[in-house]
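Enquirer: predicted model, plus sequence, below.
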Amino acid sequence: MHFVGVDLAWGPNKPTGVAVLDADGRLLEVTAGLHDDEIVSALEPYVAGPCVVGVDAPLVVRNATGNRPCEAALNRDFARFDAGTHPSNTGKPEFSDVPRGARLAERLGLDIDPDSAADRRAIEVYPHPATVALFRLGRTLKYKHKPGRSLTQLRGALLDLMHRLESLADAPAPMRLTHHPGWKALVARVEQAERKADLRRVEDQVDAVVCAYVALFATHRPELTTTYGDLATGYIVTPTLPSGHRPSPRAPRADPVQRAVQTYAALQPELQDATAGFAGLVTTLLDDAGINYLSVAGRTKSVASFAAKADRTVDGRAVYTDPLAQITDQIGVRVITYLHRDVAAVADLLADQLRVLDDRDMGQETASEGRFGYASRHVLVALPTATEAPEPMRGRSAQVQIRTVLQHAWAEFEHDIRYKGTIPEEHAPDLDRRFTLAAGLLELADREFTTIRDRLQESMTDQRPAADATDPRISAQDLATFLAGQYADAGWSRTDHYAWISGLLLELGITSLDELAGLLSSVDSAAIDARMGYKYPAGAVRRLDDALLAVFGTRYLGLHGNAHREELLRARLDKLRATIEGNGTAGT
């Protein structure tokens, strides 16, 4: 006879843990699967003969709202131990039809009646009350990921549970785990876990082992087993709560701000990983779009800064009732541009490529009040819903601050001065006036820089710098001058990008501006522009990049200098080929 445990995910795209014990309680199998076919395939060898399958998921759901009667009854005994159930009802999409657990039982030919004497059957179980009853826990072990629980806490609780399960080798209804290499591997993964995600991949399989043991326990010790509910309205089978067992006292609850700060401190490592991910993503988007910028930097809000913001009050009332949800600049990315027009271009790019949750133009808000002062575009972004996001970025947002280098200088200086100390009251009006004056002058300087750039762009149209015979590469400065004339309507690109694409030209064997000019004379730039449909002021390097892609095709993809962006270039090449290949321009 086999005793099987299934920690069944309610959704089809989340992992389901599977464990199998033999008649003597020896672990035969522990694994995880995602889809029903995988789960059925893993179970079929063990359920062909006599078996009891413990499923941690509702098998019978009839009620339209609220809890099932069995859940309400179990909660009366176990909720005080933090082992209550979540409500199941047909109002939830996952239970509006036949529950997933019942569908799996039907595919495997298992009887789901808890009173059945069939030799092949399935029962609904629940690990949390089972562990409370089996191990006489004062409260459930906190190995499930929730805000405020650190990696160290989660690891310790999961190892505690695993060691308790190993101790059942000496129980009247024994379970033997330590001989199995799969179990040893799970223990090692928990001990070596460096991220919470490493633990989440293990806990489903550990829960499946608990489910398998409950199936074994219910078979061998029915006198110590309770079935809450029935087949008609739903049921849960669990070891009986020992008579007189009492919950442990709860620790004193911290105030909301303190709890939020503690949770935020525990989340810092994950937030730092997410910050690096968002900063890298924004940089990639800017480079691929060809927008000129000075720098991109990410920063994770410090615990001290979060605490100070979470504790803000106005007229004695807290500004943030839920600091973790309402403080949206926990992950910050700052983009510094040279010109004011590029601020809007960056914001438009983010709106096109990411999901924008909020967009505030602080400079426009200040101007609408007839004042000069802080100017920056704050765009709150998240990854598109359908995107397969790296785990640290999943479900998180980032505040992207976009400002010119002059706006940044004013903001940093103003913040630094005000941060250094309290301004004497008698000097405050004069200093406020001087800050306002400086902000106005910088806004004027921003406009002048734009005019200077436009004039220089116009003057460089007919310039052709002389080549340096001692260097086979086209110098970055000469290339910048040449491209300003070649693409007079394009913006400047980042300085380092000119040097980078010069290296690509060298890989292609193009070592002079005359060669490059001859090559570009054969390119239908209008067709490329039409096909690429630039939504942003693409810089000259991006325009040259697309022209070289159109001419050399897959050869260009294979250049050493393009190894880091081959996937992006391939998507661009597919767009180009749709219209250009027919004209004989795109290479192969």
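Expert: Nice, I can see it.

Enquirer: make it CA atoms for all contacts and neighbour counts henceforth
Expert: Noted.

Enquirer: quick check: residue 6 touching residue 17?
Expert: Yes - counting by CA atoms under 8 Å, residue 6 does reach residue 17; the two are 5.7 Å apart.

Enquirer: more neighbours: the two, which one.
Expert: residue 6 (31 against 27; other CA atoms under 10 Å).

Enquirer: and that one, helix, strand or coil?
Expert: With DSSP: H, G, I helix; E, B strand; the rest coil as the basis, residue 6 sits in strand.

Enquirer: and if you look at residue 24?
Expert: coil.

Enquirer: okay, now it: neighbour count?
Expert: 14.

Enquirer: ok so, going back, any residues in contact with both of residue 6 and residue 17?
Expert: residue 208 (CA atoms under 8 Å, 6 or more residues apart in numbering).

Enquirer: I'd like the distance between residue 107 and residue 346.
Expert: 53 Å (CA to CA, to the nearest Å).

Enquirer: and those two? Which one has more around it.
Expert: residue 346 (28 against 13).

Enquirer: pLDDT value on residue 423, please?
Expert: Looking at residue 423, its pLDDT reads 54.

Enquirer: and for residue 288?
Expert: 87.

Enquirer: that one: which element?
Expert: helix 256-289 (DSSP states H and E).

Enquirer: using CSV, write out every CA atom in the helix or strand that that helix is followed by.
Expert: Next in sequence after helix 256-289, counting helices and strands by DSSP H and E, comes strand 295-300. What follows is strand 295-300, C-alpha atoms only, in CSV (Å, rounded to 0.1, in the frame of the first residue of the first chain):
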residue,chain,number,x,y,z
SER,A,295,23.9,58.7,-16.4
VAL,A,296,21.5,56.1,-15.0
ALA,A,297,21.8,55.2,-11.3
GLY,A,298,19.8,53.0,-9.0
ARG,A,299,19.4,53.4,-5.2
THR,A,300,17.4,51.5,-2.6
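
Enquirer: thought residue 261 was touching residue 307, still the case?
Expert: Yes - under the criterion of CA under 8 Å, residue 307 makes contact with residue 261 at 5.8 Å.

Enquirer: contacting residues around the closest residue to residue 27 other than its chain neighbours?
Expert: Of all residues not flanking residue 27 in the chain, residue 21 sits nearest, at 4.5 Å (CA to CA, 6 or more residues apart in numbering). Neighbouring residues of residue 21 by CA under 8 Å, 6+ apart: 2-4, 27-29, 175, 212-213.

Enquirer: so where's the stretch 201-350 of the chain uncertain?
Expert: 251-254 (pLDDT under 70).

Enquirer: may I have stretch 69-85 exported as PDB, CA atoms only?
Expert: Presented in PDB, the C-alpha positions along stretch 69-85 are these (Å, rounded to 0.1, in the frame of the first residue of the first chain):
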ATOM      1  CA  PRO A  69     -18.800  24.300   7.300                       C
ATOM      2  CA  CYS A  70     -15.700  22.000   7.800                       C
ATOM      3  CA  GLU A  71     -13.400  25.100   7.700                       C
ATOM      4  CA  ALA A  72     -15.500  26.900  10.300                       C
ATOM      5  CA  ALA A  73     -15.400  23.800  12.500                       C
ATOM      6  CA  LEU A  74     -11.700  23.300  12.100                       C
ATOM      7  CA  ASN A  75     -11.100  27.000  12.800                       C
ATOM      8  CA  ARG A  76     -12.900  26.900  16.100                       C
ATOM      9  CA  ASP A  77     -10.200  24.400  17.300                       C
ATOM     10  CA  PHE A  78      -7.100  25.500  15.400                       C
ATOM     11  CA  ALA A  79      -7.300  29.200  14.500                       C
ATOM     12  CA  ARG A  80      -6.000  30.200  18.000                       C
ATOM     13  CA  PHE A  81      -2.800  28.200  17.000                       C
ATOM     14  CA  ASP A  82      -2.500  30.300  13.800                       C
ATOM     15  CA  ALA A  83      -3.600  27.100  11.900                       C
ATOM     16  CA  GLY A  84      -7.000  28.300  10.600                       C
ATOM     17  CA  THR A  85      -7.900  27.800   6.900                       C
END
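
Enquirer: pull out the buried positions in that stretch.
Expert: 69-75, 78-85 (16 or more other CA atoms under 10 Å).

Enquirer: now go through the residues you listed and say which are in helices.
Expert: Among those, DSSP state H puts 69-75, 78 in helices.

Enquirer: distance between stretch 230-237 and the chain's centre?
Expert: Put simply, stretch 230-237 sits 38 Å off its chain's centre (CA atoms, centre = their mean, to the nearest Å).

Enquirer: tell me how far the ends of that stretch are from each other?
Expert: 10 Å.

Enquirer: can you tell me what sits against that stretch?
Expert: Outside stretch 230-237, the residues touching it (CA under 8 Å, 6+ apart) are 58-63, 68-71, 112-114, 123-126, 218, 225-229.

Enquirer: pull out the buried residues from that stretch.
Expert: Taking 16+ other CA under 10 Å as the criterion, stretch 230-237 shows 230, 234-237 as buried.

Enquirer: now, these that are in strands?
Expert: Under the assignment DSSP state E, the buried residues of stretch 230-237 contribute 230, 234-237 to strands.

Enquirer: can you list those residues in TSV and add distance to residue 332?
Expert: Listed next are those as TSV, based on distance: CA to CA, whole Å:
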residue	distance to residue 332
230	53
234	48
235	48
236	46
237	48
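
Enquirer: which of those lies closest to residue 97?
Expert: If you rank those by distance to residue 97 using CA to CA, residue 234 comes first, at 14.4 Å.

Enquirer: list the beta-bridge partners for that closest one.
Expert: Per DSSP bridges, the residues bridged to residue 234 are residue 230.

Enquirer: look up how far residue 91 lies from it.
Expert: For residue 234, the distance to residue 91 - CA to CA - is 15 Å.

Enquirer: equivalent analysis for residue 539, please.
Expert: Taken as CA to CA, the span from residue 539 to residue 91 is 53 Å.

Enquirer: looking at these two, which is more packed in?
Expert: Between residue 539 and residue 91, residue 539 has the larger neighbour count (other CA under 10 Å), namely 24 against 14.

Enquirer: how close does that one sit to residue 256?
Expert: Residue 539 is 49 Å from residue 256, by CA to CA.

Enquirer: good, we can wrap up now.
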